[in-house]
Structures are given as structure tokens and as C-alpha cells.
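> Quick one: sequence and predicted model below, then my questions.
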Amino acid sequence: MTQLRSGPPLLTASDYRHNAAHLVEPDVWDFIEGGAEDERTLAANERAFDRVRLRPRVLAGVSDADTGVSLFGTRHATPIGIAPTAYHRLIDPEGEVATARGASAAGALFVVAMFASRTIEDIAAAVPQPQGLWLQVYWLQRRDVMRSLVRRAERAGYGAVMLTVDVPRMGRRWRDMRNGFTIGGDVAAVNIDPAVMAAAHVRDEGESAIARHTADTFDPTLTWADLAWLRAQTGLPLVLKGILTAEDAALAADHGADAIVVSNHGGRQLDGAVATLDALTEVTDAVGDRMPVLFDGGVRRGTDALAALALGARMVLTGRPPLWGLAAGGADGVAGVLRAATGELAHAMVLAGRPTLAALDRSAVRLSSLTGADA
Ligand SMILES: Cc1cc2nc3c(=O)[nH]c(=O)nc-3n(C[C@H](O)[C@H](O)[C@H](O)COP(=O)(O)O)c2cc1C
Ligand SMILES: O=C(O)C(=O)c1ccccc1
């Protein structure tokens, strides 16, 4: 656990959040915490877990739990990984290098964002096993830039490429627009051709610079047929992030995705979109065993992870909590927040009588509680 110089130990993600709030600039805090428009989907993601009621089994002879999970041939000590988030140097001078060290210490997957503020190679060099890193990309108008990123990740030993598909344009985040949020100082998206990033700090009154930059550089004309191009650029597994419906999950499988992430971008894109926990079962039903389904959105404690895993997620990702850890204690804080959640998960697995992730199935959740019937 992360012990600060003074004050009580940080035991839960919520402890890290309260601690971190005082340690980053207010506009950066709003960028991290904020969601799109009235933030209803952001709130719904967390609230969905409040409805979950578990069905513990007893006298199962369970004294310890194994949280290990394999994905694409790589073993992870925990099924709780780090979702891609941009610009970690806004929070810690070492940025993604510190995050990678923390993830590696906790045995967790770290999905590095295309908009990382440290190089793909420096991040890989910070960990003993770079296949525990994946690279997230957005579809840029400049396909040559995408290709070079994917090739660099492959050469550096990354384990997979994750294409985020829920940003044809950036969601309107009133907080960032009111703050006139820009990425400045010596923080930059160092992996992307400077020509592509040239206008990244430009904005008009009432605008967010990242939204302006996204509109200038992303390719919103993308369709399912275009995925074949990216597929052909790399031998790495291709994971699609941002699926919320059975229809799109089936299309992803038909178009050769190796995995998908049920995600609404942490409530930062379409406000009013379904909470991810509420979308999970329709997606896992549609996919069956065709490919692994991952999950993100609102996971704040071990029992949240347990519910998503029970409903069919192979792994869960968390976005904001590792950033709270990074702010509170650098690499140690990232490891601390992941270990806290993993410890809670293992504890819940013992109390629920399910010693392994394989033994965790839908019978662990009272399904009527998800629809609010038990409220
Ligand atoms: C500060 C911040 C930056 C993010 N940047 C990216 C990004 O660059 N690419 C991406 O695919 N998702 C990005 N996301 C979305 C996360 O990957 C993830 O879907 C979301 O945070 C999960 O919800 P949670 O924060 O409730 O765990 C970002 C989220 C946050 C909070
Ligand atoms: O903030 C985000 O959610 C996000 O996806 C993003 C994308 C590009 C630059 C910065 C953030």
C-alpha cells in the first residue's frame, strides 16, 4: 500500500482519488474527472455497480483466490488492467514510464495511449516484459503515421494493438471547454509526427484544444471495411475499444477483431449512452466464445471487477484510478491502486466461494438485480 509522508494509508481507489485531487492543477483534474455534456453516462457507469447483488457460495473449501489470467499467450497476475489515457506527464514528470513500472510491479496490463507523453520505446524499456503493454491508436487521416506507430510497437515488443472506435469526433466536455483546456508546457504527444501535432494547442474561446485537434486529424469516414487495412499492417492481435451493442460486437467478430472492449470511453463521448455494465451481457451473449470481451467504465473496487468478470468479461480495464495513483505516488501509487483493487477482488472471490476466474460465471450475480428489479 502507498504510505504518504503524513496522513493515513491509502487503502481504496476512493482514498487515492481524494488524495490526488489536491495534487494536480484544477484544469487537469477536470480533464481527468470530466465526461461529456451533463455527465449522465459517466455517473451511470459507477451507479450500475451499486445495483449488483452477488450470490456467494459457501463451504466451497476456498482459502485463497487465483486472479491470474492469460490473454494472447501472455499471463497477467491480475485481470484488472490500465485503460489507455492520454498525456500522463500532465500528472507526473516521468509520465507513462512511471505508469508502466507501476503496472508491471502489480502484474497488470497497461494499454499505452497513442497520445502518450513518453515514447513507445522508453515505455517498453521501463518494464521487463513489454508484451504486457499494448498500444492504443485512433484512426488518423494520415495512415502512414498510424502504420509507423503500429510498426514501432511491434518492434518494441508490445502485445497487441487497440483501435478506439468511439471517437469519430470528440465528445463535448463542458469542463474542458469552459477551462479552455490545452496541452502545454513541455507535455506533448511525442510519438506522433510533429506535423500532425502542429496545431494541438490552438483553440478559440469556449473550445478545448484537444477537441479542435481531434477534429483536424482523426478520420470520421472510417467504416468496418477499412479495418482490413489496419489488420494487414501488423501481425499483432487487433482489439476494438468502444463497443456497446450486440450488433457491433457481431460485426467486430465478422471483421476479424481478436477481442473487443465494451466501453463508452468513461462517459466522455455520447452522453446518455448506456452504462457499460448494462451493455455487457448483450455483448457477451452475441460474441459467445468467438473472441475475448474486455470491459471498462466505472470499475472502482474489487467487487465491481468481480461483477464484470462474472458477466463474461475476460479482463477489466480502469482509466481514472491509475491516474489518481500516479498523482498520489508515481509508479508506487499506480502499483498501489492496482494492488488494492486486485486484493479486494481476491478477497471477494474467497467470500463468494469462487477460487479462480474460470469458476466465476453468471451464477455469481443475481441477474434481476441488474435490471433494478431488486432495488
Ligand atoms: C483523462 C482520460 C484520458 C483518456 N484518453 C483516452 C485515449 O487517449 N484513448 C482512449 O481510447 N481512451 C481514452 N480514455 C478513455 C479510457 O480509456 C477508458 O475508456 C475510461 O477512462 C474508462 O472509464 P473509467 O475511467 O471509469 O475507468 C481516457 C479517459 C480519461 C479519463
Ligand atoms: O480525453 C480523452 O478521452 C481522449 O480520448 C483523448 C484523445 C486525444 C487526446 C487527448 C485525450
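Alright, I've got the coordinates. Numbers count the residues shown, from 1 in each chain. Ligands and ions are numbered 1, 2, ... in the order given.

> which residue is nearest the middle of the protein?
Residue closest to the average C-alpha location in the chain (CA atoms, centre = their mean): residue 83, at 1.9 Å.

> Please look at it and residue 319 and confirm they touch.
Yes - between residue 83 and residue 319 there is a contact under CB atoms under 8 Å: 4.0 Å. For glycine as for every other residue, the C-beta is placed from the backbone atoms N, C-alpha and C.

> Please identify every residue contacting each of these two.
Common neighbours of residue 83 and residue 319 (criterion: CB atoms under 8 Å, 6 or more residues apart in numbering): 266, 296.

> How about the residues of this protein by ligand 2?
Counting by CB under 6 Å from any ligand atom, the residues of the chain close to ligand 2 are 86, 115, 210, 214, 265, 268.

> need the residues you listed in JSON lines with pLDDT, can you?
Formatted as JSON lines, the residues of the chain next to ligand 2 follow (pLDDT from 0 to 100):
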{"residue": "86", "pLDDT": "98"}
{"residue": "115", "pLDDT": "97"}
{"residue": "210", "pLDDT": "89"}
{"residue": "214", "pLDDT": "90"}
{"residue": "265", "pLDDT": "99"}
{"residue": "268", "pLDDT": "98"}
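
> need these in TSV with distance to residue 44, secondary structure and neighbour count, can you?
Shown next, in TSV, are these (distance: CB to CB, whole Å; DSSP: H, G, I helix; E, B strand; the rest coil; neighbours: other CB atoms under 10 Å):
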residue	distance to residue 44	secondary structure	neighbour count
86	23	coil	17
115	26	coil	24
210	23	helix	22
214	24	helix	20
265	13	helix	26
268	13	coil	23
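
> Specify which member of those is nearest to residue 351.
Looking at the residues of the chain next to ligand 2 and their distance to residue 351, the nearest is residue 265, at 32.2 Å (CB to CB).

> so how far is residue 135 from the nearest residue to that closest one once chain neighbours are set aside?
Nearest residue to residue 265 in three dimensions, chain neighbours excluded: residue 166, at 5.2 Å (CB to CB, 6 or more residues apart in numbering). Here residue 166 is placed at a distance of 17 Å from residue 135 (CB to CB, to the nearest Å).

> more crowded one of the two?
residue 135 (28 against 18; other CB atoms under 10 Å).

> Assumed that one was part of a strand.
Yes - under DSSP: H, G, I helix; E, B strand; the rest coil, residue 135 falls within a strand.

> got a list of what it touches?
By CB under 8 Å, 6+ apart, the neighbours of residue 135 are 111, 112, 114, 120, 149, 150, 153, 158, 160, 161, 162.

> Now do the same for it: its pLDDT.
Per-residue pLDDT puts residue 135 at 99.

> Check the gap between it and ligand 1 for me.
The gap separating residue 135 from ligand 1 is 11 Å, by CB to the nearest ligand atom, to the nearest Å.

> cool, residue 47 as well?
12 Å.

> count of neighbours near that residue?
Using other CB under 10 Å, residue 47 has 13 other residues around it.

> Show me the strands in this structure, by range?
Under the criterion DSSP state E, the chain carries strands at the ranges 69-71, 74-76, 80-82, 110-112, 133-137, 160-164, 238-243, 259-262, 293-296, 315-318.

> neighbours of whichever residue of the chain sits closest to ligand 1, just the number please.
Residue nearest to ligand 1 within the chain: residue 319 (2.1 Å; CB to the nearest ligand atom). Other residues lying near residue 319 total 20 when counted by other CB under 10 Å.

> likewise the one 5 residues further on?
In terms of burial, residue 324 registers 29 neighbours under the definition other CB under 10 Å.

> Could I get the contacting residues of the residue lying closest to residue 85 once chain neighbours are set aside?
Using CB to CB, 6+ apart and skipping residues adjacent in sequence, the residue nearest residue 85 is residue 319, 5.4 Å away. Residues near residue 319 by CB under 8 Å, 6+ apart: 82, 83, 84, 85, 266, 296.

> so which of these are also by ligand 1?
Near ligand 1, by the rule CB under 6 Å from any ligand atom, you find 83, 84, 85, 266, 296 out of these.

> between these, which is nearest residue 195?
Closest approach to residue 195 among the ones next to ligand 1 among the contacts of residue 319 (CB to CB): residue 84, at 23.0 Å.

> So that closest one versus residue 189, what's the distance?
13 Å.

> And for residue 122?
For residue 122, the distance to residue 189 equals 14 Å [CB to CB].
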